[in-house]
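Chemist: need a 3D model of the following:
(2 chains)
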Amino acid sequence: MRRQSNSNDSSDQFKSRSPPPSPKAEQRTRAREPYPIPSSNPASQYTLLEKLGTGSFGTVYKAIHNDTKQIVAVKQIDLEDSDDDISEIQQEIASLAQCDSEYVTKYYGSFVVNYKLWIIMEYLAGGSCLDLLKPGVFSEAHIAVVCRELLLGLDYLHSEGTIHRDIKAANILLSSSGKVKLADFGVAAQLTNTLRHTFVGTPFWMAPEVIRQAGYDAKADMWSLGITAIEMAKGEPPLAEYHPMRVLFLIPKAKPPTLEGAFSPAFKDFVAQCLTKDPKLRPTANELLQHRFIRSAKKTSYLTELIERYQDYRARSPPKVQHPTVKAHGTWDLNNTMRSEWNFDTLKSVSALGTFRGTINDLSLAHSVAEDDEESDFDDRRDSLDSGAATKGSDPINRNGLGTSSGSDHATVLIKSPHSIDEVGSPDETPSGAPPAYSGSVRSARRASYAARTSVEGKGTILNAADLGSGVDTIRPVKKVDPVGSLRLSSEFVGSVRKDGGVSSPPSSPATHKRSGSEIGRAGQTLVDEVILPILGNQMHDDMDAREIESLSMLQRGFAELKDANPEMAYNVILDILQGINDNPAVKQHVQTSRGLFPHKRIIRKSEMTSKGLIVTEETEEISGLPSTSSPQGSIISSAAPLPEEPIRRSPIAELLYMRWLEGLKLKWPSIMS
Amino acid sequence: MNFFKTKPRTPADLVRGLRDAIVRLESSAPGGETRRKVSLFKLLGTRIVSGEDVSKYLQQIKGILYGDGEPAPELVAQLAQETYNTDLLLLLVLNISRFEFEARKDVVQIFNNLLRRQIGSRWPTVEYLSGKPDVIFAALAGYENEEVALNTGMILKEMLRHEQLCKILLHSDQFYKYPHYIETTTFGISCDAFANLKETLTRHKPMVADYLDKNYDRFFSSFTTLILSTNYVTKRQSLKLLGEILLDRANFNVMTRYIANEANLKMMMNLLRDKSKNIQFEAFHVFKVFVANPKKPPQIETILRRNKEKLLNFLKSFHNDKEGQFSYNLLSIQSNLI
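Modeler: A predicted model of the protein is given here:
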């Protein structure tokens, strides 16, 4: 492949080998490529034609290189607006500059004009795969072509020792003739001999090993490719309905997603191969090029159908009238691409350069827990200033400081929502819970500071919701994530789904009620802590379906919260459930026969308790007439019940349960219980 | 190109073959303007052949070093020894701009692989390079050619990880070419050069502190040109680096000298009024050290006193939208001013 790309243009070779040219000579040798020539005013070499899109990181223009009349994409980044990570931007440029492949967007050069960095890149008229998905999902034949081209691109990158780390439809661009190119190397990394650990990517597309930070390599891209294949087939990645914070928890935990639906076995197998959980068993890009799904793929020119379809779609659906100003209402971009402030739907090929990283992120308060490792006498380290005011990761309300405004005179930052094909039909709907979508200041409200994110000292950075954005945004690299802190935060998002408004606020934890003084309250707490939560926890195990895990997590969280909010109510709910089981003969019978459980046995047991001992055998028949067992261990709450030998009860639970059951029984069978 | 069929070749053969190919490349294209004046066709005819030779040798050498999973230690040892004997590394760095695009990346990988080679506690390549400072200087000079600057920059960065090699550069006159490279290149290269300057100045702290102490005047007169650069990125990055250097405990002596100098204070006070908030911010980091100094020299004290009202007013409105942490700093500074 390398030879291919080199040999088809010998003059190109000459160019790439020529020694440092004087500007004039360079102009001559590079006459056919729109490179910027170093000069006092390099910007004058280009004429901006049209704004393609805006993101927090800058603006992308379609432009013409005056000398060659070639169309290029110009990405302008306001460096004054980005905090202290100029070096990160440079990293992106360096990665791109080291690529010479027909499968990777070409990079022509970059320069600084005032506070703005101009990055000159290849313009791709076809748009991103995410754009092309707007009129509808791709056919299997189309996906096969895209996947083959992606594999070729990844094979090149990986053989060059680069990991892309952010493969997704939004980062795959098409030329007008259907050529497929990888874009947005914002988070790409050079492979080293050792595994990478940096936590980076876009949640829904991230490989389990990246999230686990157990060390990963180029195989991580293969996982993302599998997710992207599903994205192209279904319109959105798996688990799209969940909050990104939860997704980070679910991906490593759950069994890998599969491609469901009316697709060929070859396609399904291809996806399954990519989504092999163990990276060692996951095939390489080169190996997958031999997959039957790929070998039968058509030529890239076939993809022009998708481009035409998208153009038709655009022509048919007139530009949506948006809210008059972005500042007032925010532009809730439903497609996770950059937007201009006004008539964004008239823009062509919005993502000529792929994702603009970190929109919501930029608005968040930092939660850095980076610790200064040493202090000098006058030390007042940068970290302490850079990390935001909120340094506690436990305040979910502040975390979504989306509305934070400040006196900054910088460009409006747009907040984007998750992309969802289903929502394309009604993009005018103001999403519920949409925060006021503006804030100019990056300084006062920022994501975890660069210092914190790159710190490998201390506990690590606690990822928070804002760092993740809506989950379709790329996460900036984080060297070391504090697993405990992040997990704690993650659990706050149990059950929160991505709404139209992107990140929905996690339910705020209500103030803990301090009235747990009552007996029942204490019982409720113990019941939840010692019985319910462990039982739910034990149910959860690896390689379960993501939805199962999520449901159990929701139950756990629900009980835990109810316990905090109102332990008496928690108590009553649990007992009502037990009673409900008992009151429903069919259910009761089933429970008894299938599990050998006798919830009603407790009734008898308790009545026995009055005479001190806890004998559970013979009384069963008295109540239900069902055959009894003499083993009390099966009882759901047996762990909390005292042993008969013990003269003193350790927990008030059994007593309370007993009282409760007794009351219920008195109502139902007054004759027996009187 | 039937030479290629006669493998397997020994490391010695490969290294010698590569040397010869590089020499052919050099002679067939005697650098500079002349080369560019020769017609394109002729150039392609001669140069590409040698260029491809070089690429293939490099690939084979890379194959030995990285192997298919398990590189053979004895082959690697032979290869390394052969590169030392023939001064191949210098040749590679000097001629990298003549190589094909992918071959340049191979050079970086080969170079860095050899550099990381360790036998027990010894670093053979580092030892070798300690006696060959020209290699280091050639890698630095790579910034003169934008096309290979990122490749040579990676080689340089790898060398700077080793204190011996970093020290050679720091103590050389060539070190003072950094500002030139940072100032005259485009963004990507300039940033890379700056990153390596930072690496040189911050990785091996005690060694650098000693150097800065002894070469204080020369260093800071050079470094100040970066702080006063008209290039926004250079200005901002160098100001930030200045803060990092001064606030590092290892550089305590250097810091005390720096904050005793009224010209430095004036410069920072001027930078506080820069249009860019980021520059203001970085300048403030340095400025506060002047203020916090418990033993302010009289001239510093005088300047601060003379400007007390203005400074207080300025600081009051200075980034008053910032975090509480920042206000706290301001408060402590202000109380020190009074």
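
Chemist: which residues touch the residue of the stretch 151-300 of chain B found nearest chain A?
Modeler: Closest to chain A within the stretch 151-300 of chain B is B:C191: 3.8 Å, counting by CB to the nearest CB. For the C-beta atoms, the positions are set from N, CA and C on the backbone; glycine is no exception. Neighbour list for B:C191: A:I86, A:S87, A:Q90, A:I93, B:V233, B:Q237 [criterion: CB atoms under 8 Å, 6 or more residues apart in numbering or on different chains].

Chemist: from B:M207, how far off is it?
Modeler: To B:M207, B:C191 is 25 Å away according to CB to CB, to the nearest Å.

Chemist: inside helices: which ones of the contacts of B:C191?
Modeler: Among the contacts of B:C191, DSSP state H puts A:I86, A:S87, A:Q90, A:I93, B:V233, B:Q237 in helices.

Chemist: now A:V74: which helix or strand?
Modeler: Assigned by DSSP states H and E, A:V74 falls within strand A:70-78.

Chemist: stretch B:208-226 spans what distance, first to last residue?
Modeler: For stretch B:208-226, the first-to-last residue distance is 19 Å (CA to CA, to the nearest Å).

Chemist: what's the answer for stretch B:197-217, then?
Modeler: 18 Å.

Chemist: how distant is that stretch from the center of its chain?
Modeler: 13 Å (CA atoms, centre = their mean, to the nearest Å).

Chemist: what are the buried residues along it?
Modeler: For stretch B:197-217, a neighbour-count test (16 or more other CB atoms under 10 Å in any protein chain shown) marks B:L197, B:K198, B:E199, B:T200, B:L201, B:H204, B:M207, B:V208, B:A209, B:D210, B:Y211, B:L212 as buried.

Chemist: let me know the average pLDDT across that stretch.
Modeler: Across stretch B:197-217, the average pLDDT comes to 95.

Chemist: ok, stretch A:112-119 next?
Modeler: 87.

Chemist: residues in contact with it?
Modeler: With CB under 8 Å, 6+ apart, stretch A:112-119 has contacts from A:36, A:41-43, A:46, A:58, A:74-80, A:89, A:93, A:107, A:109-111, B:187, B:231-233, B:276.

Chemist: what residue ranges in the chain are flagged as low confidence?
Modeler: No chain specified, so I'll use chain A. Residue ranges of chain A with pLDDT under 70: A:1-32, A:55-57, A:82-85, A:185-201, A:318-517, A:594-674.

Chemist: that was the other one, I meant chain B.
Modeler: Across chain B, the ranges flagged by pLDDT under 70 are B:1-8, B:28-49, B:68-69, B:317-338.

Chemist: show me the domain layout of it.
Modeler: For chain B, the structural domains run B:73-203, B:205-337, going by the TED database.

Chemist: out of those, which comes closest to A:D166?
Modeler: Of all these, domain B:73-203 sits nearest to A:D166, with 19.9 Å by CB to CB.

Chemist: how long is that closest one end to end?
Modeler: Per CA to CA, domain B:73-203 runs 30 Å from first to last residue.

Chemist: count of neighbours near the spatially closest residue to B:M268 that is not a sequence neighbour?
Modeler: Using CB to CB, 6 or more residues apart in numbering or on different chains and skipping residues adjacent in sequence, the residue nearest B:M268 is B:F287, 4.4 Å away. A total of 24 residues lie near B:F287 under the criterion other CB atoms under 10 Å in any protein chain shown.

Chemist: for B:N113, list the residues it contacts.
Modeler: Residues in contact with B:N113 (CB under 8 Å, 6+ apart) are B:K62, B:L65, B:Y66.

Chemist: doesn't the second one belong to a strand?
Modeler: Read it as B:L65. No: assessed with DSSP: H, G, I helix; E, B strand; the rest coil, B:L65 is helix; it does not lie in a strand.

Chemist: other SSEs contacting the strand holding A:V74?
Modeler: strand A:46-55, strand A:58-65, strand A:116-122 (3 or more CB pairs under 8 Å, 6 or more residues apart in numbering or on different chains; DSSP states H and E).

Chemist: can I get the ones you listed in TSV including mean neighbour count and distance to A:A214?
Modeler: Output for the helices and strands packed on strand A:70-78, formatted as TSV (neighbours: other CB atoms under 10 Å in any protein chain shown; distance: least, CB to CB, whole Å):
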stretch	mean neighbour count	distance to A:A214
strand A:46-55	20	32
strand A:58-65	22	34
strand A:116-122	23	34
